[in-house]
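# Here is a sequence with its predicted model. Questions after.
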Protein chains: 2
Amino acid sequence: MPLTSFSAAFQNPAGSPIRELFPYLSQPGIISFAGGYPSSSLFDSLGLRHACESAIATPFNCLQYGATEGLPVLREALVELMAARGIATGINDILVTTGSQQAFDLIVKVFLNQGDMVYVETPAYPAAIQGLRLAGARMTQIPVDCDGVDVVRLAEILSQANETDLPKFIYTVPTFSNPSGTTLSSQRRSTLVGLALQYGFMIVEDDPYGELSFTEERLLPLFSIGASTSKSENPVVYLSSLSKTVAPGLRVGWMVAPPDVLRRCTIAKQTSDLCTSPISQQIAVEYLLSGRYFPCILRAKIEYKLRMSTMASALHKQLGDDLKFSEPKGGMFMWASITNGCDAKALFKHAVTANVLFVPGAAFYPENPDEMTLRFSFAAPDSEQIKEGVNRLSTAFKKLFI
Amino acid sequence: MPLTSFSAAFQNPAGSPIRELFPYLSQPGIISFAGGYPSSSLFDSLGLRHACESAIATPFNCLQYGATEGLPVLREALVELMAARGIATGINDILVTTGSQQAFDLIVKVFLNQGDMVYVETPAYPAAIQGLRLAGARMTQIPVDCDGVDVVRLAEILSQANETDLPKFIYTVPTFSNPSGTTLSSQRRSTLVGLALQYGFMIVEDDPYGELSFTEERLLPLFSIGASTSKSENPVVYLSSLSKTVAPGLRVGWMVAPPDVLRRCTIAKQTSDLCTSPISQQIAVEYLLSGRYFPCILRAKIEYKLRMSTMASALHKQLGDDLKFSEPKGGMFMWASITNGCDAKALFKHAVTANVLFVPGAAFYPENPDEMTLRFSFAAPDSEQIKEGVNRLSTAFKKLFI
């Protein structure tokens, strides 16, 4: 088909840079720190099997089309889950989505015209960058440091922006971010909400990892701060998912948003996929009501914390002179910078030869990437594999200087 | 939120006109010819329960993220299904989608810029009209008569169109269309493909109902005709779904398209929902391989044919002077025109009072609706309900003249 048949964004679209690493995953014996997948070995497969059997035992609940908004029983269960996270909602504040990826896609459809400005925490989740790019958005990178989005820099950028460069929204994963692993500090949360109210933009708070905390510290979601700060409308839209806590295969995510946003996203979802699979939704309900959700999270937190500590110790010991990184307080990711002047793509080539994978940081920047950065995931490999993987990384580093 | 925060299409979007009828469905004792849902009583709930249990028995196949393209085992099963419909494909020609609604949404994303022209068979499936409207497409209505899309009129419109008014694609349900119930004749199929090749536009062939045939007649899908007619690239993209043949709750649809289209739709799907629920996909695989699919279709065809005949007889007998309609050769819908000069919205009000529902035809037109038309679905109510529903319609008609 001639290229001009396609829409402007799709004449020559690049695929996901992370998916380009997929072929290497079939190398025999490879150890991968590259994936963004939760650990399959931590899925509560017995609990999910029971949930699945319960769901299909009353087939008429889940074989027909469901309401676009989501099954009421699932939204009730999510209201409970939100309450445990410090977010007060009712079922009419929640839209069930086909993963939180769809929730973001709906936001893009509902808010963005071609050329609209969006601020993006950087480094950022690549599928958010890609979604914005394909929608023809302009993006401004807001840097992240060890306390999350740099709100001082954000305030500067906002103060210097002319009217057309003000953002429709800022996209951030404030808790255990992908890829940076960082968490937005309590004070910065308030500042960020204040800036959103002052300049009239929305905050898209993406929170798939918040429950996977390695410490006792609990920070309020931006959504709660927005609700208690704003006298009129909460500037925060909250997205979450069962993919990192129960199983990605459900494709069950959700959005909490003000009524005028939610109504439009529901209309957008009618033409996106009519409704999220009622079978998946019913399995999710049965699982959430089974009492196994929080024990399952607890097990995941303990195991991920162990894997993170194992990785951090091994990296410190073997590559402490070559890599700079912080230990995340939760989630699945660790972000690192190479300090010896080499770039991550050169390291990647040697890593592939040494049979270990990571993601070079360029994938996480809308533009002007920091080529010295890289992302490790400690979620999928077990502790022994992590130690061996770091050994191999060490070998790869040595090859850089031969 | 101020309206200007939203994208142009979503500043004041109308919801689905059919969903506006939902509140009436809770009227006690209502008989509905309005819904577009398949009959819940025809779901093979035992077979689906077994499929579900088999799927979850090997949880690692379906709890993790899957490939965006769809599970290879499902695509293999769909290749077989396509072969039975006269379409020769391989697994790399198929993209699994979250219902065929998503397949259409991906086509819209990949092909349309704001203001692009699309031709739409009219009357048409409302969620297609809505999807095109929200994408900012311009639409030209191509009328449908008892043999489907009027290709003579189409040829005229094409011959008079200037360059910017030529369509990116035409949207059609060529077999047992929703809402018209009509089937594009064999000769018109060839003519339509010929026009697409001559003028360089694509045909989006939406085929959710094709297997629900009431006769022995089998017409080749447009896709097959395109494949055998075109020397270079097939101008037809084929969409289908298990929603009308197995169960909508699976949300499993698919697209068959040339490689350059499929590659772009796969990229668009990455940012839409990453992948269709692998659990749903695995249930679909187990069901398709169980040998119960074709017997299940056979049962549905027999029952839908009975319901259609019952409706047609009752309408002829009681409303033969007031309504004009043709008997569809398959599918779920019958389209009618009121011949006594009354409009369908006026009739609808009396019908609600008489406790029977249908959809006034205006919902199925992008613009300039024929207000005398209406859609009946005979899929959901059983034969007794159909007879009683037509009695009530007859009462409603009488009220029109009081």
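Arrived safely.
# make it CA atoms for all contacts and neighbour counts henceforth
OK.
# Contacts only, for the nearest residue to A:Leu400 once chain neighbours are set aside.
Among residues not flanking A:Leu400 along the chain, A:Leu347 sits closest, at 6.7 Å (CA to CA, 6 or more residues apart in numbering or on different chains). Applying CA atoms under 8 Å, 6 or more residues apart in numbering or on different chains to A:Leu347 gives the contacts A:Ala396, A:Phe397, A:Leu400.
# Give the buried residues for the helix or strand that contains A:Leu347.
Per DSSP states H and E, A:Leu347 falls inside helix A:344-353. Buried residues in helix A:344-353, defined by neighbour count with 16 or more other CA atoms under 10 Å in any protein chain shown: A:Ala344, A:Lys345, A:Ala346, A:Leu347, A:Phe348, A:Lys349, A:His350, A:Ala351, A:Val352.
# Please apply the same query to stretch A:256-272.
Going by neighbour count (16+ other CA under 10 Å), the buried part of stretch A:256-272 is A:256-258, A:261-272.
# among these, which are in strands?
Per DSSP state E, strands hold the following members of the buried residues of stretch A:256-272: A:Val256.
# So for the lengthiest strand in chain A, mean pLDDT?
Counting residues, the longest strand in chain A under DSSP E turns out to be strand A:138-145. The average pLDDT within strand A:138-145 is 98.
# How about stretch A:51-60?
Here the average pLDDT along stretch A:51-60 is 91.
# do the same with stretch A:89-107
Stretch A:89-107 shows a mean pLDDT of 98.
# ok, now stretch A:338-350?
Stretch A:338-350 comes out at a mean pLDDT of 93.
# From start to finish, how long is it in a straight line?
14 Å (CA to CA, to the nearest Å).
# likewise stretch A:281-301?
Termini of stretch A:281-301 sit 24 Å apart (CA to CA).
# And for stretch A:39-53?
23 Å.
# So is it next to chain B?
Yes - Stretch A:39-53 reaches chain B (CA under 8 Å from any CA of the partner chain) through A:Ser40, A:Phe43, A:Ser45, A:Arg49, A:Cys52, A:Glu53.
# got the buried residues for that stretch?
Result for stretch A:39-53 [16+ other CA under 10 Å]: buried residues A:39-40, A:42-45, A:47-53.
# among the residues of stretch A:39-53 next to chain B, which are in helices?
Cross-referencing those against helices under DSSP state H gives A:Ser45, A:Arg49, A:Cys52, A:Glu53.
# Include distance to B:Tyr287 when you put these into JSON lines, please.
Output for these, formatted as JSON lines (distance: CA to CA, whole Å):
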{"residue": "A:Ser45", "distance to B:Tyr287": "21"}
{"residue": "A:Arg49", "distance to B:Tyr287": "18"}
{"residue": "A:Cys52", "distance to B:Tyr287": "16"}
{"residue": "A:Glu53", "distance to B:Tyr287": "16"}
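# which one of those residues is nearest A:Arg75?
Nearest to A:Arg75 among those: A:Cys52, at 18.0 Å, using CA to CA.
# quick check, the longest strand of chain A touching chain B?
No - using CA under 8 Å from any CA, strand A:138-145 never reaches chain B; the gap is at least 14.3 Å.
# Can you list the strands that that strand pairs with?
Partners of strand A:138-145 in the sheet, by DSSP bridges, are strand A:117-122 (parallel), strand A:148-149 (antiparallel).
# Could you pull up the residues touching the residue of the stretch 201-350 of chain A found nearest chain B?
Per CA to the nearest CA, A:Gly249 is where the stretch 201-350 of chain A lies closest to chain B, at 4.1 Å. Residues near A:Gly249 by CA under 8 Å, 6+ apart: A:Ser243, B:Cys62, B:Leu63, B:Gln64, B:Tyr65, B:Gly66, B:Ser277, B:Pro278, B:Ile279.
# got the contact list for the fifth one?
Meaning B:Tyr65. Neighbouring residues of B:Tyr65 by CA under 8 Å, 6+ apart: A:Tyr37, A:Pro248, A:Gly249, B:Cys275, B:Pro278.
# State the pair within the residues you listed that is farthest apart.
A:Tyr37 and B:Pro278 (14.3 Å).
# more neighbours, those two?
B:Pro278 (26 against 17; other CA atoms under 10 Å in any protein chain shown).
# That one is in contact with B:Gly66, isn't it?
Yes - the pair B:Pro278 and B:Gly66 qualifies as a contact (CA atoms under 8 Å) at a distance of 6.1 Å.
# how close does the residue in the stretch 301-402 of chain A positioned nearest to chain B sit to A:Leu357?
Residue of the stretch 301-402 of chain A nearest chain B, by CA to the nearest CA: A:Ala380 (11.5 Å). According to CA to CA, A:Ala380 stands 12 Å off from A:Leu357.
# Need the residues touching each of the two.
A:Ser32, A:Phe33.
# give the contact list for A:Ile142.
A:Tyr119, A:Val120, A:Glu121, A:Thr122, A:Val149, A:Asp150, A:Arg153, A:Leu154.
# can you tell me which helix or strand A:Arg375 belongs to?
Per DSSP H and E: strand A:373-377 holds A:Arg375.
# Am I right that A:Pro167 falls within a helix?
No - using DSSP: H, G, I helix; E, B strand; the rest coil, the assignment for A:Pro167 is coil, not a helix.
# roughly how far apart are it and A:Lys109?
For A:Pro167 relative to A:Lys109 (CA to CA), the value is 15 Å.
# who in the stretch 101-250 of chain A is up against chain B?
Checking the stretch 101-250 of chain A against chain B by CA under 8 Å from any CA, the hits are A:101-102, A:105, A:109-113, A:127-128, A:130-131, A:168, A:233, A:247-250.
# Report the buried residues of the lengthiest helix in chain A.
The helix that spans the most residues within chain A, counting by DSSP H, is helix A:293-319. Neighbour counts over helix A:293-319 (16+ other CA under 10 Å) mark A:293, A:296-298, A:300-301, A:303-315, A:319 as buried.
# Also stretch A:217-237?
A:219, A:221-227, A:229, A:234-237.
# all strands of the stretch 101-250 of chain A, in order?
A:117-122, A:138-145, A:148-149, A:169-172, A:202-206, A:236-241 (DSSP state E, counting those that start in this stretch).
# Of those strands, give the one that comes closest to A:Phe6.
strand A:138-145 (20.4 Å).
# So the nearest residue to A:Gln141 once chain neighbours are set aside versus A:Lys305, what's the distance?
Of all residues not flanking A:Gln141 in the chain, A:Val120 sits nearest, at 5.2 Å (CA to CA, 6+ apart). To A:Lys305, A:Val120 is 28 Å away according to CA to CA.
# before we move on, what about A:Phe294?
The value you get for A:Phe294 to A:Lys305, if CA to CA is used, is 16 Å.
# which residues in chain A form helices?
So, for chain A - with DSSP H - the helices run A:45-57, A:72-84, A:99-111, A:126-134, A:151-160, A:186-199, A:222-229, A:259-272, A:278-289, A:293-319, A:344-353, A:383-400.
# Out of these, which is closest to B:Val390?
Among these, helix A:259-272 sits nearest to B:Val390 (CA to CA), with 30.5 Å.
# ok so, going back, looking at the strands paired with strand A:138-145, which is nearest to B:Glu211?
Taking the strands paired with strand A:138-145 one by one with CA to CA, strand A:117-122 is closest: 45.9 Å.
# I'm done for today, thanks for sticking with me.
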